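1. Compute the structure for the input listed below.
(chains A and B)
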Amino acid sequence: MTVGTSPIRKDAVAKVTGKARYTDDFTMPGMLHAAYVRSTIAHGTVSRIDTSAARSMDGVEAVFTFEDVPDTLFATAGHPHSLDPDHVDVADRLLLTKHVRYHGDEVAIVVASSKLAAKEAARAVVVEYDELPVCVDAASALADEAPSIHADGNVIKSHEFIAGGDLNTAVDGADAVISGQYHTPVVQHCHMENHIAYAYMDDFEHIVVVTSTQIPHICRRVVGQALDMPWGNVRVIKPYIGGGFGNKQDVVLEPMVAFLTTRLDGRPIKLELDREECMTSTRTRHSAILDCRAAADEDGTLKAVDVAMTSNTGAYASHGHSIPSAGGAKSCNLYPRSVIRFSALTHYSNIPAAGAMRAYGSPQVIFGLECALEDIARKIGMDSVDFRIKNVARKMDINPLSNKPIRSAGIVECLEKGRELIQWDEKKRRFANQEGPVRRGLGVACFSYGSGTYPVCVEIAGCRLILNQDGSVHMQVGATEIGQGSDTAFAQMAADTLGISYDKVHVVTTQDTDVSPFDTGAYASRQTYVVAPAVKKAALELKTSVLEYVREMTGKETASLDIVDNNVVAANQPDCVIASLADVAIDAYYHKQRGGQLTADVSHKTRTNAPSFGCTFVDLEVDVPMCKIHIHQIFNVHDAGQIIHPLLAEGQVHGGMGMAVGMALFEELLVNPDNGRVLNNNLLDYKIPTFVDIPDLGCSFVETMEPTAAYGNKSLGEPPIISPGPAIRNAILDATGVAVNRMPMSPKVLFTHFHDAGLL
Amino acid sequence: MFPIEKYHMAESVQDAVRALAEDENARVIAGGTDVLIRLHEGHKDYRNLVDINSLDALRRIWQEDDGSVCIGALASFTEIMDHPLVQKFVPVIGEAVATVGGPQVRNRGTMGGNICNGAVSADSACAALVHEVDLVIENVDGERTESVIGFHAGPGRVNLKHGDLLKYFRIRPENYLNMGAAYYKYAMREAMDIATIGCAAGLHVTDGAISELRLAYTVSAPTPIRCAEAELAAKGQPLNKTTLGNIAQTVEQDVKPRTSWRATKEFRMHVIRTLAAKVITNAAWKIGEKIA
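-> Alright, predicted model coming up:
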């Protein structure tokens, strides 16, 4: 069995030796390059645009402005198409815009013979504006006098649910109630490979788009919608991709390059964003204000949690209200025996557009929730870990929102394991009653998450297996490898189910919508969960085809046969090899009278959604006069069901924890509140933590068996980022008595809080 | 790709200063860690370049007969950090440049560029001020020497005239002998950052009392500065916590931090005070002294 072991990942050698080809590694004769002309103000309309100087510059082929693009509003969110008209994404984008809504908005685009010539010409386009008032936050965007950023006003959507009982009864009857307001920042994905795409036409109808995307099949549909052309006329190819973290679960550059090639006789046109553009003009994480209440009894029973979230989507909707909606819903698995109210409102503003980012609303919701939980635990005088153990989900609890049973839940064991790992009880005693400028503290926080998007969205996955002449197997999936290791996991699954070795499974890592099975792509930590049944089904079908063919070859009954270690064997006597898979394959291909290519081609819809769980424990030191945090130890403990590949799983957890530490202590994309100008659109001024800023990261698993999953597995891709933030906040509170209710808890924020608390 | 319009690879110091004199728009490129960023942004002022990277004479680090330590303007931060003469006689310069950027930037970036670009946050500036470094400058009229004290003229501005080429830094023995010196870079992260506040102290101690303090800051005024009032307040005082407290208070008279989106004036002032005591303590430790 390779599931549960750590074979070398399928793409490891290609990536570390530079053999792997990414979008920018492909070029074509006559390829042109495009560069955007971006607005220098955050809100206004273009009053004059002069492209004459740009058009006359060396190498410039064309300049298009907002006057030249189709008048078709389109939605960009990387969601599956919805048959429900009430559940479609907000269509609020044009390819180029006269009404600019954030600093960096796209008013024109230059196409030239080189990227440098395009950039230089873009700088030469003269644009004048009639400026409009700027709203950067909820207070200004929701004010009565606020200008409408889009035609239907500044509120995109709001909703509320109450689950598990009556909120007022629960709150009024509780021994203690706390409330607080918590803030999370705009952060950016900072994937290594910036957004890049190119497009060309190889006949007069079809457009080929090669792009760094998480969602090739969705991208095909959105390009078709944006250009008002049949979806089947768009072919999207996804080569290796250098990270996405949700920022490429959105259709950003592809409609533009497709448009440009149609206007330039099908010539290949590449559009590659600089880091500065990528940081402001792709997507970000929504900032949020969380007004929370928590109510509990003296015995530690959590009675109610009440989270009201205000989510700032920026200039365009993108994933819009789906972010708080998902964040609220996925958190209902965590404390399912309490009453839960969740309400949310999403609004526009004149800041860069927010979209999907790792864990999709949950880091925001859980920051509010787990800060409030800490505050109520402290109010009733109960140990933070004991309080959570008492209230978190247990197996076969009913999720109060979905009314579905929680079939696997290891969160109690996660908390117990984390408490041991960090030596919670011993350190609690040691850190009590500290004085002086440098103080230690302990913090904990929990999360729950989903495995995919069902029942909100369709969950469809495809897998095709082909037995090659040499007995190896080619696998094609529609799901995308974006660095998380999904190709490796699928190969492990197929190998085990087929009875062949891992190295005999070759996964076609490129998705090509003309060729690959349909799948909606990498997001929602869905792929190992929803693709696994397709892989398993395809592997079983191929195995059956092989065994049936062996019956045809040998006359032995199918039921008496099995495949073990790349050989067809007698089921009751695995040592008895009947034929190698290679012998079977070559016979099937080349025998003149019988056989054929042995394949399986499966499309599978998943109709379940398994909750995953976990928690973070942190031991940190606060240097009060220096306003700095030093993390001594941090552990994430996860219940992600059965672990398919322990080494990759650990890497996934480390990566998520690193991003979480960034959001907790360092990162924030800042705008000037007066004029909406982005202040730190680069990796010097936007403080992503460096190697020396990230502590050693500890990771552990509690392996439950999820009965709805093909291999017992649950989500792990996004979850590691969710709980470190509130755990760090709770540890700073533990160390200093100061509640820092906003991320990032950077030195300047700590200075203000410590100063106001009288520590400085 | 960068929008470079004219490019000249200088073959000698004389060739470089002639090329600079001939083109009023010419700029020197050394490590390129600032110039190439400006060009990436499309800046118009850096498109005519005189490249001095082949002038190996400017890359040397050596000691003169009188004991002066000399650091070529083109010596990379890595070369400075790793050089035995720097480590032995002026270690705080090595410590300061070790905080610049990350390894790749330190392999390319030069102390010459760090001082000549006039950055208010230059990591080498505090150490240079504490050592009262001489700058040996050449132009078509010949060579001259200026002190780093007063060399900075404003944010991004120094007392270089068009056509000037900095050749090397010279640290005379009276500016390093018997001096304990330390640098602390306060930044938002521990690497790959520019200073929120930088602070260096050079300390002479006689019989437990401060005989001389040299205290320098970056990002605390429109230029990197020395702190005359705080230095005066320290002179002759016992090396103890009370003195450090007084210095930390007095330094407020020397600095003029400002509020920007990066940090507020109040936060910067707090860091300035906190670093005064911390850095002087570290400087004392370098010469085997402890704070009483």
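
2. Which residues of the stretch 651-760 of chain A lie near chain B?
-> By C-beta under 8 Å from any C-beta of the partner chain, the part of the stretch 651-760 of chain A that sits against chain B consists of A:666, A:670, A:672, A:679-680, A:683-685, A:687, A:689-693, A:746-748, A:751-752, A:755, A:760. Where C-beta positions appear, they are placed from N, C-alpha and C, glycine not excepted.

3. the strands in the stretch 501-650 of chain A, which residues?
-> For the stretch 501-650 of chain A, the strands defined by DSSP state E, counting those that start in this stretch occupy A:505-508, A:511-512, A:561-564, A:567-570, A:573-580, A:599-605, A:612-623, A:628-639.

4. Does anything pack onto the last one? Which helices or strands?
-> Going back to what we said before, that points to strand A:628-639. Where contact means 3 or more C-beta pairs under 8 Å, 6 or more residues apart in numbering or on different chains; DSSP states H and E, strand A:628-639 is packed against helix A:411-421, strand A:612-623, helix A:646-665, strand A:697-701, helix A:724-736, helix A:747-756.

5. Measure how the fifth one sits relative to strand A:628-639, angle-wise.
-> Between helix A:724-736 and strand A:628-639, the angle comes out at 130 degrees (axes from the mean of the first three to the mean of the last three C-alpha atoms, to 10 degrees).

6. Dump the C-alpha coordinates for helix A:724-736 into CSV.
-> Extracted C-alpha coordinates of helix A:724-736, given in CSV (Å, rounded to 0.1, in the frame of the first residue of the first chain):
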residue,chain,number,x,y,z
PRO,A,724,-2.8,30.2,14.4
GLY,A,725,-3.9,33.8,14.3
PRO,A,726,-6.4,33.7,17.2
ALA,A,727,-4.0,31.3,19.1
ILE,A,728,-1.3,34.0,18.9
ARG,A,729,-3.7,36.7,20.0
ASN,A,730,-4.8,34.6,22.9
ALA,A,731,-1.2,34.0,23.9
ILE,A,732,-0.4,37.7,23.9
LEU,A,733,-3.4,38.2,26.1
ASP,A,734,-2.2,35.5,28.4
ALA,A,735,1.3,37.0,28.6
THR,A,736,0.4,40.7,29.0
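
7. Report the rounded mean pLDDT for that helix.
-> Mean pLDDT, helix A:724-736: 98.

8. for the longest one, same thing?
-> When pLDDT is averaged along helix A:646-665, the result is 98.

9. how big is the angle separating it from helix A:747-756?
-> 50 degrees.

10. Can you show me the helices along the stretch 1-150 of chain B?
-> B:13-22, B:35-40, B:77-82, B:84-89, B:91-97, B:103-108, B:111-116, B:123-130 (DSSP state H, counting those that start in this stretch).

11. picking that back up, can you redo the helices and strands packed on strand A:628-639 as TSV with mean neighbour count?
-> Output for these, formatted as TSV (neighbours: other C-beta atoms under 10 Å in any protein chain shown):
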stretch	mean neighbour count
helix A:411-421	21
strand A:612-623	26
helix A:646-665	23
strand A:697-701	20
helix A:724-736	26
helix A:747-756	19
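
12. could you flag which of the residues of the stretch 651-760 of chain A next to chain B are buried?
-> When neighbours are counted using 16 or more other C-beta atoms under 10 Å in any protein chain shown, these contain these buried positions: A:666, A:670, A:680, A:685, A:687, A:689, A:693, A:746-748, A:751-752, A:760.

13. Can you name the residues of the stretch 201-350 of chain A sitting close to chain B?
-> Where the stretch 201-350 of chain A comes near chain B, counting by C-beta under 8 Å from any C-beta, the residues are residue A:274.

14. change it to 7 Å
-> Residues of the stretch 201-350 of chain A lying near chain B by C-beta under 7 Å from any C-beta of the partner chain: none.

15. before we move on, back to that, need the helices and strands packed on strand A:628-639 in a markdown table (columns: distance to residue A:46).
-> Shown next, in a markdown table, are these (distance: least, C-beta to C-beta, whole Å):
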| stretch | distance to residue A:46 |
| --- | --- |
| helix A:411-421 | 53 |
| strand A:612-623 | 47 |
| helix A:646-665 | 35 |
| strand A:697-701 | 48 |
| helix A:724-736 | 40 |
| helix A:747-756 | 36 |
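
16. Just the CA atoms of stretch A:353-366, as PDB, please.
-> The C-alpha trace of stretch A:353-366 is given here as PDB (Å, rounded to 0.1, in the frame of the first residue of the first chain):
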ATOM      1  CA  ALA A 353     -10.800  43.700  -5.200                       C
ATOM      2  CA  ALA A 354     -10.800  40.800  -2.800                       C
ATOM      3  CA  GLY A 355     -11.500  37.200  -3.900                       C
ATOM      4  CA  ALA A 356     -10.700  33.700  -2.800                       C
ATOM      5  CA  MET A 357      -7.800  33.100  -0.500                       C
ATOM      6  CA  ARG A 358      -6.700  30.000   1.400                       C
ATOM      7  CA  ALA A 359      -9.600  29.000   3.800                       C
ATOM      8  CA  TYR A 360     -12.000  31.400   2.200                       C
ATOM      9  CA  GLY A 361     -13.500  33.400   5.000                       C
ATOM     10  CA  SER A 362     -12.800  31.000   7.800                       C
ATOM     11  CA  PRO A 363      -9.600  32.700   9.000                       C
ATOM     12  CA  GLN A 364     -11.800  35.900   9.500                       C
ATOM     13  CA  VAL A 365     -14.700  34.200  11.200                       C
ATOM     14  CA  ILE A 366     -12.500  32.000  13.400                       C
END
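
17. how's chain B carved up into domains?
-> The record assigns chain B these domain ranges, following automatic domain parsing: B:6-51, B:58-175, B:180-286.

18. of all those, which lies closest to chain A?
-> Taking C-beta to the nearest C-beta, domain B:180-286 is the member of the domains of chain B nearest to chain A, at 4.4 Å.

19. got the residues of the stretch 501-650 of chain A near chain B?
-> Within the stretch 501-650 of chain A, the positions adjacent to chain B are A:625, A:626 by C-beta under 7 Å from any C-beta.

20. helix, strand or coil for residue A:102?
-> Of the three states, residue A:102 takes coil according to DSSP: H, G, I helix; E, B strand; the rest coil.

21. hang on, isn't it packed against residue A:313?
-> No. Residue A:102 lies out of contact with residue A:313 (C-beta atoms under 7 Å); the separation is 11.0 Å.

22. Name all residues that make contact with residue 80.
-> Reading this off chain A. A:218, A:457, A:458, A:520 (C-beta atoms under 7 Å, 6 or more residues apart in numbering or on different chains).

23. my question was about chain B
-> Contacts of residue B:80 by C-beta under 7 Å, 6+ apart are B:61, B:71, B:86, B:93, B:94, B:97, B:111.

24. Look up how far residue B:99 lies from the fourth one.
-> With distances defined as C-beta to C-beta, to the nearest Å, the gap from residue B:93 to residue B:99 amounts to 11 Å.

25. same deal with residue A:687?
-> According to C-beta to C-beta, residue A:687 stands 16 Å off from residue B:99.

26. The closest residue to residue A:415 other than its chain neighbours: which element?
-> In this structure, residue A:415 finds its nearest non-sequential neighbour in residue A:389, 5.2 Å apart by C-beta to C-beta, 6 or more residues apart in numbering or on different chains. Assigned by DSSP states H and E, residue A:389 belongs to helix A:384-391.

27. what is the orientation angle of that helix with helix A:411-421?
-> 160 degrees.

28. re the thing from before, need the strands of the stretch 501-650 of chain A in TSV with mean pLDDT, can you?
-> TSV is the format used below for those (pLDDT from 0 to 100):
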stretch	mean pLDDT
strand A:505-508	98
strand A:511-512	98
strand A:561-564	98
strand A:567-570	98
strand A:573-580	96
strand A:599-605	98
strand A:612-623	98
strand A:628-639	98
